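[1] prediction below, plus the sequence it came from.
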Amino acid sequence: MADIQWSDGAPIYRQLKDRVIAMMLDGVLKPGDALPSVRQVAAEYQLNPITVSRAYQELADEAIVEKRRGLGMFVTNEASNKLLTSERERFLHDEWPAVAERIERLGLSMEELLKAKGNK
């Protein structure tokens with residue numbers, strides 16, 4: 001799961017869940033892939049197994065992963081589409097208004113934004 005820097009701004013289970021979601025959106029975890037075991041993640045990141053279980057359970061509640069008895073948690077076939085849809089909605093609702101307001105406040109034009117994107 002690569003190096004994770006935990007912040008004080010959100011509960012660790014939420015940060016872990018967000019990291020797993022990012023890995024799915026980036027294609028690191030694909031439909032049918034197994035998630036690392038709760039014990040493995042807890043040991044690797046020195047977390048309480050209950051914290052890891054809570055993150056995994058939220059993913060299961062959202063049908064992003066499924067529990068296979070005796071085998072672990074696996075990414076569902078619908079995960080990518082569900083995540084892309086929900087993350088787009090969350091961005092447009094929660095993040096975009098602040099970004100748009102800042103762009104307007106700074107007086108940036110579309111050309112400047114596109115040029116800055118191209119210089120990345």
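    That came through, no problem.
[2] from here on, contacts and neighbour counts on C-alpha atoms
    Noted.
[3] OK, contacts around the residue found closest to V41 once you drop the neighbours it is linked to in the chain?
    Sequence neighbours aside, V52 is the residue nearest to V41 in space, at 7.1 Å (criterion: C-alpha to C-alpha, 6 or more residues apart in numbering). If a contact means C-alpha atoms under 8 Å, 6 or more residues apart in numbering, then V52 has Y13, L16, V38, V41, A42 as its contacts.
[4] now these in JSON lines, with secondary structure, pLDDT and neighbour count?
    Below are the contacts of V52 laid out as JSON lines (DSSP: H, G, I helix; E, B strand; the rest coil; pLDDT from 0 to 100; neighbours: other C-alpha atoms under 10 Å):
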{"residue": "Y13", "secondary structure": "helix", "pLDDT": "94", "neighbour count": "19"}
{"residue": "L16", "secondary structure": "helix", "pLDDT": "95", "neighbour count": "20"}
{"residue": "V38", "secondary structure": "helix", "pLDDT": "94", "neighbour count": "21"}
{"residue": "V41", "secondary structure": "helix", "pLDDT": "94", "neighbour count": "18"}
{"residue": "A42", "secondary structure": "helix", "pLDDT": "94", "neighbour count": "17"}
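[5] where does this structure dip in pLDDT?
    Applying pLDDT under 70 to the chain flags the ranges 1-3, 120.
[6] got the domain boundaries for it?
    According to automatic domain parsing, the chain comprises the domains 12-77, 81-118.
[7] out of these, which is the most enclosed?
    domain 12-77 (a mean of 16; mean count of other C-alpha atoms under 10 Å).
[8] what distance separates the start and the end of that one?
    Using C-alpha to C-alpha, to the nearest Å, the end-to-end distance of domain 12-77 comes to 26 Å.
[9] one more: stretch 21-35?
    Distance between the two ends of stretch 21-35: 11 Å, counting by C-alpha to C-alpha.
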